[in-house]
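Give me a 3D structure for the following:
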Amino acid sequence: MVSPSDLTASLHASAPATGGAKTDDLPRIVPRRHIGRLLSAAVALLLFAMLVNSVVRNRAFQWEVVGRHFTSAAVLDGLLLTLWLTGVVMVLGFLLGIPLAVMRLSANPVLSSLSWGYVWIFRSTPLLVQLLFWFNIGALYPTLGLGIPFGPQFVTVKTVNLLGPALTGSGR
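Next up, the predicted model:
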């Protein structure tokens, strides 16, 4: 039978006298080469270059006509209006988002629930449904008013006059 001291002695006898293996003697670990990934990336890049070449050189696109239309006054005015509306909506979203975030973090369960419900409704409703709703709000509510709840209204405005210019961008 082999005793533990025999095993220890055989281990010490097989170890090199220099105090252990040198780092040069150990095999070097290198990362695995992913030839398939490289080949598929090269093929995808080649196909994309072919697509770009096809679009640029195709005379049916009539790029000079496209350039004239994109630089027309109406398109540039529309671009400017789009950028302006984007900036306004970003600022309004930021200004509305701060109170909603504070309400959501509030210890008051009513405020927190109201904020959660508001965000849930707008995030769970598809954008197309929201666009249809806001575009047709004039049919649902012909006038909007501000006043005492269940009482007289102090200010009323026709929804068509209020939302029409905002939705069409002509109220600038």
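
Counting neighbours, what do you get for residue 107?
6 (other CB atoms under 10 Å). Every residue, glycine included, has its C-beta placed from N, CA and C.

Confirm that it lies within a helix, as I assumed.
No - membership of residue 107 in a helix is not supported by DSSP: H, G, I helix; E, B strand; the rest coil, which gives coil.

Renumber starting at 107 from here on
With 107 as the first residue, the last one maps to residue 213.

and the one residue sitting closest to the centre of the chain, what is it in contact with?
Centroid-nearest residue in the chain: residue 229, 13.4 Å away (criterion: CA atoms, centre = their mean). Listed by CB atoms under 8 Å, 6 or more residues apart in numbering, the contact set of residue 229 is empty.

Now do the SS call for it.
Here residue 229 is helix, with the state taken from three-state DSSP.

Next up, phi/psi of residue 260, please.
Per-residue torsions, residue 260: phi -90, psi -40 (degrees, to the nearest 10).

Find the nearest non-adjacent residue to it, please.
residue 253 (4.6 Å; CB to CB, 6 or more residues apart in numbering).

what sits against the one you found?
So residue 253 contacts 259-261 (CB under 8 Å, 6+ apart).

distance of the residue nearest to the centre of the chain from residue 186?
Distance of residue 229 to residue 186, computed by CB to CB, to the nearest Å: 30 Å.
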